[in-house]
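*Asks:* here are the coordinates; sequence isn't available:
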């Protein structure tokens, strides 16, 4: 048995850990998989005659876990002054009745998909699939 360790920057949640374990344990020759979303690392124990580290890395890459997680940068302008093509997340408003309190709100589009790329979170297969 040998062990290979992979850095997986796009694995940031427990649902990713379950998906990575499922994908890798289906490979012939993979004996054990340790996956940590906290450390974004996967450690695989495998039989070298049945599977190679390159094959394991290919599965992780195809699933999207080896890619860097793109995080858009927020501008320093208030949303009311931002141009259409600029990215902004917060709308800051102080209401007279609230005094000096600043509140934040965010419009979240609902498109039936995650707000950022999320490997392993795709359409849920039905019984017919």
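*Replies:* Structure's in. What do you need? Every value quoted in this text rests on a predicted model; they were computed, and no experiment measured them.
*Asks:* for the protein, which segments count as strands?
*Replies:* Per DSSP state E, the chain carries strands over the ranges 2-7, 30-36, 41-46, 91-93, 103-105.
*Asks:* and those strands, which one is worst for confidence?
*Replies:* Ranked by mean pLDDT, these end with strand 91-93 at the bottom, a mean of 50.
*Asks:* kindly report the domain assignment for this structure.
*Replies:* 2-63, 72-106 (automatic domain parsing).
*Asks:* where among those is average confidence lowest?
*Replies:* domain 72-106 - the lowest mean pLDDT of the domains of the chain, at a mean of 57.
*Asks:* circling back to that earlier point, which among the strands of the chain is found nearest to residue 66?
*Replies:* strand 2-7 (7.5 Å; CB to CB). C-betas here are computed from N, CA, C, even on glycine.
*Asks:* residues making contact with the closest one?
*Replies:* By CB atoms under 8 Å, 6 or more residues apart in numbering, the surrounding residues in contact with strand 2-7 are 40-48, 53, 56-57, 60, 66.
*Asks:* what strands line up against it, and which way round?
*Replies:* Partners of strand 2-7 in the sheet, by DSSP bridges, are strand 41-46 (antiparallel).
*Asks:* next, the buried residues of the partner strand.
*Replies:* Residues 42, 44, 46 are the ones in strand 41-46 that count as buried (16 or more other CB atoms under 10 Å).
*Asks:* ok, the second one touching residue 56?
*Replies:* Looking back up the chat, that one is residue 44. Yes. Using CB atoms under 8 Å as the test, residue 44 is close enough to residue 56 to be in contact (5.5 Å).
*Asks:* any residues in contact with both of these two?
*Replies:* Common neighbours of residue 44 and residue 56 (CB under 8 Å, 6+ apart) are 4, 6, 24, 30.
*Asks:* just give me the closest of those residues to residue 16.
*Replies:* Using CB to CB, those come closest to residue 16 at residue 24, 12.2 Å.
*Asks:* give me the nearest residue to that closest one, chain neighbours excluded.
*Replies:* residue 33 (4.7 Å; CB to CB, 6 or more residues apart in numbering).
*Asks:* quick check: the one you found vs residue 68, distance?
*Replies:* 22 Å (CB to CB, to the nearest Å).
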